[in-house]
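Q: quick one, fold the following:
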Amino acid sequence: MRQTGAKSRTSITDAVILMAGSGSRLRVIVNALPKPLIQIAGRPVFSYTIESLKKAGIETVHVVTGSNSDALLAGLKPSVPAGVQLHPIHNSDWQKQNGISVLAVAEHLRSPFLLMMGDHLFDPAIVDLAIHNAEPNALNVAVDRKINAIFDLTDAMKVKTKGDRVVAIGKDLQDYDAIDTGVFVCPPEIFKYLEQAKRDGDCSLADGVRAMAADGKVRAIDIGDAWWQDIDTPEMLAQAERAMRNLNEGGSTIGTRDTAVS
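A: Numbers count the residues shown, from 1 in each chain. The predicted structure follows:
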């Protein structure tokens with residue numbers, strides 16, 4: 001499903017992938033392997049992500065590292081295709097919230113960019129939807145309205161919308177109608193809002209989104225039937241494996257949410 005209503009197409013050549021965390025909830029079963037390097041259906045998670053970015057015309061991928069960064073970068077490099085530049089940025093404050101990781105790229109970006117999470121698998125169509133439907137001066141959030149199909153709703157980042165505008169975001173929201181998929185098209189203005197949202201030198205990405213939403217600057221892009229899965233816990237990892245195995249065995253396409261519901 002393609003959403004209409006964006007003012008004009010935003011040209012995106014840079015992507016930022018956040019991968020500074022330690023992956024503590026998965027550490028026991030993956031032997032401290034960084035989450036972007038975890039194998040899903042025989043391939044590292046990062047290989048699926050960067051393949052989608054290459055197809056979308058992304059030229060530079062800024063990866064924000066933190067914990068175990070040397071091993072992470074060594075594992076990422078074999079998956080980088082020709083024509084894509086990998087630009088590592090180390091976040092020395094990686095123990096803080098993910099808003100600090102976003103701020104780590106501020107000096108490198110002066111135009112709208114794609115922002116993604118390093119521990120998410122997703123239908124490549126989501127990247128296409130986000131880029132083609134982005135409103136240039138807004139923070140664009142790819143959202144999933146198939147709430148009943150979300151694997152772990154408790155852990156999900158909930159979103160409340162009014163029309164195509166995001167009016168609230170948070171894991172503890174009681175009144176919501178969509179879920180944040182972790183794919184954004186961000187204007188450089190996001191950095192200003194994150195700086196303003198800091199408390200004791202720390203902030204989350206959600207804090208910045210919340211502040212921009214209060215000014216009416218956050219737009220929701222519905223992913224329709226497209227599929228995605230966070231792999232933050234062993235249960236989520238198993239769910240992603242089932243979905244990819246189903247795809248590889250000739251089942252429903254990864255764009256069909258039913259393939260990911262147990």
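Q: so where's the protein shaky on pLDDT?
A: Within the chain, the ranges that satisfy pLDDT under 70 run 1-10, 22-32, 247-262.
Q: buried ones in the biggest helix by length in the chain, by neighbour count?
A: When secondary structure is assigned using DSSP state H, the longest helix within the chain turns out to be helix 234-248. Buried positions in helix 234-248, judged by neighbour count with 16 or more other CB atoms under 10 Å: M236, L237, Q239, A240, E241, R242, A243, M244, N246, L247. Every C-beta, even on glycine, is put in place using the N, C-alpha and C of the backbone.
Q: V143 is in what secondary structure piece?
A: strand 139-144 (DSSP states H and E).
Q: what is that strand packed up against?
A: Here strand 139-144 touches helix 124-132, strand 158-162, strand 178-186, helix 205-214, strand 218-222, going by 3 or more CB pairs under 8 Å, 6 or more residues apart in numbering; DSSP states H and E.
Q: ok, residues contacting the longest one?
A: Judged by CB atoms under 8 Å, 6 or more residues apart in numbering, the contacts made with helix 205-214 from elsewhere in the structure are 18, 97-99, 102, 139, 141, 157, 165-170, 189-190, 193-194, 196-197, 218.
Q: and those residues, which are buried?
A: For these, a burial check counting by 16+ other CB under 10 Å picks out 18, 97-99, 102, 139, 141, 157, 166-170, 189-190, 193-194, 197, 218.
Q: so of those, which ones are in strands?
A: Secondary structure from DSSP state E places L18, L139, V141, V166, V167, A168, I169, G170, V218 of the buried ones among the contacts of helix 205-214 in strands.
Q: and the closest residue to M236 other than its chain neighbours, what does it touch?
A: Leaving aside its sequence neighbours, M236 sits nearest to D230 (CB to CB, 6 or more residues apart in numbering; 5.6 Å). Counting by CB under 8 Å, 6+ apart, D230 makes contact with M117, D119, H120, D152, D155, A156, G182, M236.
Q: count the residues that sit near I40.
A: 18 (other CB atoms under 10 Å).
Q: so which of the helices and strands packed on strand 139-144 comes closest to H87?
A: H87 sits nearest to strand 178-186 of all those, at 16.3 Å, using CB to CB.
Q: give me the sheet partners of the closest one and which way each runs.
A: Partners of strand 178-186 in the sheet, by DSSP bridges, are strand 113-117 (antiparallel), strand 139-144 (antiparallel), strand 158-162 (antiparallel).
Q: now the longest one - C-alpha only, PDB.
A: Written as PDB, here are the backbone C-alpha positions of strand 139-144 (Å, rounded to 0.1, in the frame of the first residue of the first chain):
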ATOM      1  CA  LEU A 139      10.100  13.700  10.900                       C
ATOM      2  CA  ASN A 140       8.500  10.700   9.100                       C
ATOM      3  CA  VAL A 141       7.800   7.600  11.100                       C
ATOM      4  CA  ALA A 142       7.000   4.300   9.400                       C
ATOM      5  CA  VAL A 143       4.200   2.800  11.500                       C
ATOM      6  CA  ASP A 144       2.400  -0.500  11.600                       C
END
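Q: which residues of the stretch 1-150 of the chain fall in strands?
A: For the stretch 1-150 of the chain, applying DSSP state E, counting those that start in this stretch gives strands covering 14-19, 39-40, 43-44, 60-65, 85-90, 113-117, 120-122, 139-144.
Q: between the last one and helix 124-132, how big is the angle?
A: Per axes from the mean of the first three to the mean of the last three CA atoms, to 10 degrees, the angle that strand 139-144 makes with helix 124-132 is 150 degrees.
Q: same check, this time on the fourth one
A: Angle, strand 60-65 to helix 124-132, by the same axes, to 10 degrees: 110 degrees.
Q: how close does the residue nearest to M236 get to K162?
A: Distance check for D230 against K162: by CB to CB, to the nearest Å, it reads 25 Å.
Q: picking up where we left off before, relative to V61, which of the helices and strands packed on strand 139-144 is closest?
A: For V61, the closest of these is helix 124-132, at 12.1 Å, according to CB to CB.
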